Structures are given as structure tokens and as C-alpha cells.
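K.L.:
quick one, what's the 3D model for this:
(one chain, ligands or ions: 2)
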Amino acid sequence: MTSRYPTLLSPLDLGHTVLRNRVVMGSMHTKLEDRLSDLPKLAAYFGERAKGGVGLMVTGGYAPTWRGWLAPFASRMTTGRHADAHRVVTDAVHEHDGKILLQVLHAGRYGYHPFTQGASSRKSPITPFRPRALSTRQVERTVNSFARAARLAKRAGYDGVEIMGSEGYLINQFLAARTNDRTDAWGGSAAKRMRFPIEVVRRTRDAVGDDFIVQYRISLLDLVDNAQSWAETVELARELQTAGVSLFNTGIGWHEARVPTIVTSVPPGAFAWVTGKLRKEVSVPVVASNRINRPEAAEQILAAGEADLVSMARPLLADAEWVVKAAEGREREIITCIACNQACLDHTFQNQRASCLLNPRSGRETELVLLPTRTVKDLAVAGAGPAGLAAAIELAGRGHRVTLFEAADQIGGQFKLAARVPGKEEFARTLDYYRHMIDVRGVTLRLGTRATVDDLAGFDEVVIATGVRPRIPEIPGVDHPKVLTYQQLIDGAPAGDRVAIIGAGGIGFDVGEFLLHEPHEPLDDWMRRWGVTDPETAPGGLATKVKVEARRQVHLLQRKTTALGKDLGKTTGWVHRTTLKDSGVTMLRGVEYRRIDDEGLHLTVGDKEQVLAVDTVVLCAGQTSVRELAEPLRERGVTVHVIGGADVAAELDAKRAIKQATELAASI
Ligand code: NAP
Ligand code: SF4
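P.N.:
Ligands and ions are numbered 1, 2, ... in the order given. This next block holds a predicted model:
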């Protein structure tokens, strides 16, 4: 069979070693890095991905000194004991012919602890701790600590290191005038600011010899003010290459940048062009990254000459078998990362173990195991939203006979609605995955069938995943013709030019985007809207944002007095808030709803009464569970499991639904 991905799946000769393909699993902190006792779990995690065909993997960041920690007692590579404990990880990868790099990351002023050190004592806007400026002697020692970490990585059996020189961590802090006001040999001019990474690479190469990969993650777009110019970036890259870099990986945006770089609404492959610019300036291979999640897109980037390899972190977290599925023409079986961040980065930032919303086994490879069943049962699943879909395919995957009932004429439930929100178009891929897996795993799907107690009573066990219905708040006039539920709106009911949204949870924000924006935003428009430009025209690639004319006047409302969107995802909420604010949405909190009539929506805010003269009111006031089938079935002696929104509607999300479904599937 000829591969559809001839470049992506072709080997890459690095001189002393050969990568089996061009797929790199980018660095991502899973929280399994921090304690040596968790390394066997980390080994299982990387081992599965090596088995799944990934060419080169990069661990989460390991600090070269304790003061370079990301957080207290977080991962570091500073002693022989650390190195020896990592053997289990490197052995698990090599057993399946994969290669793995240890990422060396000094957090600098991004460290979340009081002992941070930086190029200067300037505090970052995203951490509460002011760093101490490294003394000249401490700079020397810190440079050497990178080389020591690399030597230890070699002792641990790693194939190389990735030196983290982007995202605003210590190396970036040395490079940019915004964070480096030193007057010694490590600051003052662009050439002196570059000395730190150049020395890090030179001493690392000296420490590890030629038969070891030194990948450097270079910041190609800082996306902050007072950043490096493109000419400086190119000069840095050339110097680093001379100092011994084997591969350049792409870094986009400091963590404090106010431009989204990885969330769902960032267009696919949005930054490959800037990797292409670097590729013209250096002779070692370059790696493209950010928002690349499908094999066809990865192949296209390589075929267009924009990069030599493609890095994906979350997509390979979502599916350990991504490469093998692509290679075997089973692309529709790939669990495509939808860039939601809900179970991965949001977890990391909350100090929890990273996993995947769509694949709860991820990061729990040794704990959540779905083995073939020894007792095949006839099982019914009622409801084909995320919970029911996940339960059906995982139960069938274990060998059970599964019938899936769905009242609508399509699968998807609430997820189907999410897929129609601009910026969330990729959610449709999840539905396609489930549609396909229903066939692959032989689930009997009965669409347009609202299951009754009689339909279900004959099965050995029944899973109730009938989901939720929108809550209708008790507001006088809520039955006025201008009132729609979010479901009716997204299903196609027309809205006027002036709209009030009742409820500012995840769905209220989504409805705001639905009312204001078009789907499939072209990359150029997205770049203008967020102020991203060619770094040759503005240092760091940061330009003035171009305001987009709003299609409607929208008011977003809640009763609580806290900031709107406060409970949205840690790493995505700010993007939703900024998008709606930039589109002129009025946000009101502490609202009391009085009535809805021809005039509009009558409110009290504080002690002031007012009327919002709107044509449409959209209800996004949460949901209530639908589980009427459960009790009658139990009364007839059937074993019933209630999962997802049918179980608990409050703060329901697909992450909880799919996790609960998968855990249930492992247990029947
Ligand atoms: P939600 O997050 O629970 O929000 C419901 C909203 O309705 C709240 O703002 C609440 O605010 C308001 N509300 C509740 N009862 C009300 C009542 N009786 N009258 C008037 N207002 C009322 O629910 P959701 O927005 O439906 O979202 C459901 C789930 O999907 C959530 O877990 C959410 O995180 C998830 N989701 C996430 C995203 C994302 O971007 N990550 C996107 C979509 C959905 P007040 O009580 O203050 O008025
Ligand atoms: Fe991708 Fe969301 Fe899974 Fe993270 S949780 S890997 S962003 S699908």
C-alpha cells in the first residue's frame, strides 16, 4: 500500500542516528514527571506512544537547578539518582524503537515559588513571585547546570535533550530587552543577550559529544512587546547551529502573551509559515508546531517545504496510535485532539495529572485498562451524546454486544451543538470518529428511536446516557415568542439584531460567539483580529489588533456578582472573554431578571431598573437531567447504570461524561 503521507512517514537521518519518521511528540507536562515513584507510569505513557509509531518524543520540562523549578518540588534533573530512575522511561521507549529527548527547562521568573531567579528582577505579569536577578557567577553556574542536566540525560539513556528556549522561560528572559536589563557580559546589547543560550548549547554539546541529539526550541514569535527582532532571531539560530544544535523546534508566544496560540479557535497550522521562514536561514532540520493535529495537514506542511518534521503534543496525548493509524489508512479511527485544553493543560495549571477529554486512558495507562471481556453480555445504551457514545464503543471494544438508541436522527447530543460554534468546528471530527467507530466495533445503532422501558428491559444491563435538557428559568414572560433556548438557536431558529443572553457559563459564551462570528475564520482575518504579523515587520510578530465590525448587539448576563466567565477553562477562558469584549458584547453581572415582554428584557442591576430593548432572548441557564427511564427499569429488575448529564447535570461537561463512560465500560 502506498502511503498517503510519504514525507511524514519517511525517515530522517541526523548523521549519528536515524529517526523512523517525521512525527515528534512535543513536550507536555503530565505531572508524572515530578515524583520518581511515578516514573513507571510515565514509562507506560511514553511506551504506548513509541509502540504507536511516534518517531521522536520529548518529555515534560526538567529543571537543571532546583531554583529553576516550575513549582515547588516539580521535576528536575540534577543528580545521578534522578538519571538512574529515568532508565525505566528510556527503556520503555527503546523497546519499541522510539527515540526520546529530555526537555531541560529553567522556568526563570515563571517559576511558581518564592525562590525564582531571572535575567533581571522584573516580575512576570502571570506569577505572584518577584525573581532575584542572577549574579554574574550564578549565570555561569546556571549555564553549566544545563550541560550537567544533558550529561545526566545521556546517562539515563535519553537520545538527546531539548533545550527550552521559548515561551518566555529563562532563556527567553535573557534574550529579550523587556526582561534583560543587565549591564554585565550577559546583557546590554542583542549580542550579549544572546550569549546565554549560545553558551548553554556550546557547553551542552561539549558535555554530551556528537552522538546525542541537541534540539533547541527557539521562539519564532514572542508575541509580546519589546521582544527580539527577526534579524536577531536569525542571528541567534545561526550561532546556535554553530554551537551544536541538531534540530530546531518552533516556539510560539510567551506564556504572558495575550494572543491565543493553541486553543481550538486558532486556525489549524496557523504558525507553520514562520517555521518556513526559519528553515530558509539554517541548514539543520526544523520542526513545525502548534495546532497541527491531522496527518493530511502535517504532510501538507512538510510537502510545502515549511518544515522537516512536525511536532504534536496534545494530538499524541489524545491518541497513542496516531502514527500507526495514519500509516495503515485508518485515519478515521484517530482520536483527533480538538484543542479544548480541558483535561490536559487546564489540569496541569491546576496541579492535576494531565489526561485527555476524549481519551481518559491517557496518562492513566496502567490504571484504566480495557481488557477483552470473558463474559459477553447484551447491553443497551440509551442516548448517543458523548457519554453514551464513549460507553457504546468502549463496551463493544471489549467484546460485548451493544445496541445504542438515539431519539434524534443523528448522534452527538450536546456535542453536536458545540460543533456548530465558530472556532469549535473541529468538534465535528469527534462525531465523525464516533460514527466510524460504531461501525468498526459493530455497535447496533438505532437512530430516531426514543428507547422505551419495554425496548430496554430485555437486555442484560442498560446504560442510561439520555443527557440533559436546557433549564427554563422562572422569569415572567419566558414563554414570549422572542425567547429561545440555546438549543433552538443553534438548531437554526433565527435571532434578531439585538440579543440578550441569560446565563454566562460555557454555553452563554459559546452562544455569544455563535451570534457574532462566522465559522471557519480565514487565517489572515484571525491574525489581524489578534494582532499577529510577520516578525520581520514588527519585533515579536505583534501588531495592533484590527477591530472586527460586530454583526449584532449582544448583552451577556448573570445573577452572580463575580466576573463573567470566571469559571471557564483556566487556559481558554481568557480567550473567550477577550473575543466577546473585542466584539463589543456588554457584560452585566449581579442581574435580577424581572420579566420579558414586547419591550425587551426588564432587569434590576444593583438598585437600578432597566430595560434591554432586545429582539431575542437566549436562555443559557444550565440544564436539568433526563433520566426518566432509570427507575422503571430498576423496578423491573434490570441492572441500570446512569452516566453523564443524565447522572448529574450541574456543570456537566464532555470531560466528565466520557471519563465516567469509559470507567464504566472498563468495569462491566
Ligand atoms: P453553567 O456553566 O452551569 O452555566 C449556567 C449559567 O446559567 C450560569 O451563568 C448561571 O449564572 C445561570 N443560571 C443558572 N440557573 C439559572 C436560573 N435559574 N436562572 C437564570 N440563570 C441561571 O452551564 P452551561 O453554560 O450550560 O455549560 C454547561 C457545561 O458545559 C459547563 O460545565 C461548561 O463548563 C461546559 N462548557 C464548557 C465550555 C468551554 O468553553 N470550556 C463551553 C461550553 C460548555 P447565574 O446563576 O449567576 O445567573
Ligand atoms: Fe486535545 Fe482536549 Fe484532549 Fe487536551 S483534552 S489532548 S486539548 S482533546
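K.L.:
got the buried residues for stretch 240-258?
P.N.:
240-241, 243-258 (16 or more other C-beta atoms under 10 Å). Where you see a C-beta, it was placed from the backbone N, CA and C, and this is true even at glycine.
K.L.:
and the helix or strand harbouring Val200, what does it pack against?
P.N.:
When elements are defined using DSSP states H and E, Val200 is found to belong to helix 190-208. Contact analysis of helix 190-208 by 3 or more C-beta pairs under 8 Å, 6 or more residues apart in numbering; DSSP states H and E lists helix 136-155, strand 160-165, helix 170-175, strand 213-221, helix 230-243 as its packing neighbours.
K.L.:
closest one to Val614 among these?
P.N.:
Of all these, the one in closest proximity to Val614, counting by C-beta to C-beta, is strand 213-221 (40.0 Å).
K.L.:
average pLDDT for the closest one?
P.N.:
Strand 213-221 shows a mean pLDDT of 98.
K.L.:
what angle do that strand and helix 230-243 make?
P.N.:
180 degrees (axes from the mean of the first three to the mean of the last three C-alpha atoms, to 10 degrees).
K.L.:
can you mark which positions in strand 213-221 are buried?
P.N.:
Under 16+ other C-beta under 10 Å, the buried positions of strand 213-221 are Ile213, Val214, Gln215, Tyr216, Arg217, Ile218, Ser219, Leu220, Leu221.
K.L.:
surely Val554 is in contact with Gly512?
P.N.:
Yes - the pair Val554 / Gly512 is scored as a contact, 5.7 Å apart, by C-beta atoms under 8 Å.
K.L.:
please identify every residue contacting each of these two.
P.N.:
Both Val554 and Gly512 are contacted by Ile501, Leu580, Ser583, Val585, under the criterion C-beta atoms under 8 Å, 6 or more residues apart in numbering.
K.L.:
return the residues of the stretch 351-500 of the chain in contact with ligand 1.
P.N.:
Proximity of the stretch 351-500 of the chain to ligand 1 is confined to Arg471, Pro473 under the rule C-beta under 6 Å from any ligand atom.
K.L.:
tell me the residue of the stretch 351-500 of the chain that sits nearest ligand 1?
P.N.:
Residue nearest to ligand 1 within the stretch 351-500 of the chain: Pro473 (3.2 Å; C-beta to the nearest ligand atom).
K.L.:
need the nearest residue in space to that residue, chain neighbours excluded.
P.N.:
Among residues not flanking Pro473 along the chain, Ala621 sits closest, at 4.7 Å (C-beta to C-beta, 6 or more residues apart in numbering).
K.L.:
got a list of what that neighbour touches?
P.N.:
Ala621 sits in contact with Pro470, Arg471, Ile472, Pro473, Ile502, Gly503, where contact means C-beta under 8 Å, 6+ apart.
K.L.:
so the last one touches Leu619, yeah?
P.N.:
Put plainly, it is Gly503. Yes - using C-beta under 8 Å, Gly503 is in contact with Leu619, at 6.8 Å.
K.L.:
and the two? which has more neighbours close in?
P.N.:
More crowded of Gly503 and Leu619, by other C-beta atoms under 10 Å: Leu619, with 25 against 22.
K.L.:
so for that one, what's the pLDDT?
P.N.:
What the model reports for Leu619 is a pLDDT of 98.
K.L.:
closest one of the buried residues of strand 213-221 to ligand 1?
P.N.:
Leu221 (24.8 Å).
K.L.:
from Glu299, how far out is that closest one?
P.N.:
24 Å (C-beta to C-beta, to the nearest Å).
K.L.:
sorry, back to before: tell me the contacts of the residue of the stretch 351-500 of the chain closest to ligand 1?
P.N.:
Ile502, Tyr593, Leu619, Ala621.
K.L.:
what does Ala207 give?
P.N.:
Ala147, Arg148, Ala150, Arg151.
K.L.:
tell me if I'm right that the third one and Thr204 touch.
P.N.:
The one in question is Ala150. Yes - the criterion here is C-beta under 8 Å, and Ala150 meets it with Thr204 at 4.5 Å.
K.L.:
overlap in contacts of the two?
P.N.:
Val161, Val214.
K.L.:
who touches stretch 273-287?
P.N.:
Outside stretch 273-287, the residues that touch it by C-beta under 8 Å, 6+ apart are 12, 14, 24, 215, 218, 220-221, 230, 233-234, 237-238, 241, 245-250, 252, 288-289, 304-311, 534-536, 541.
K.L.:
and that stretch, what's its mean pLDDT?
P.N.:
Stretch 273-287 comes out at a mean pLDDT of 98.
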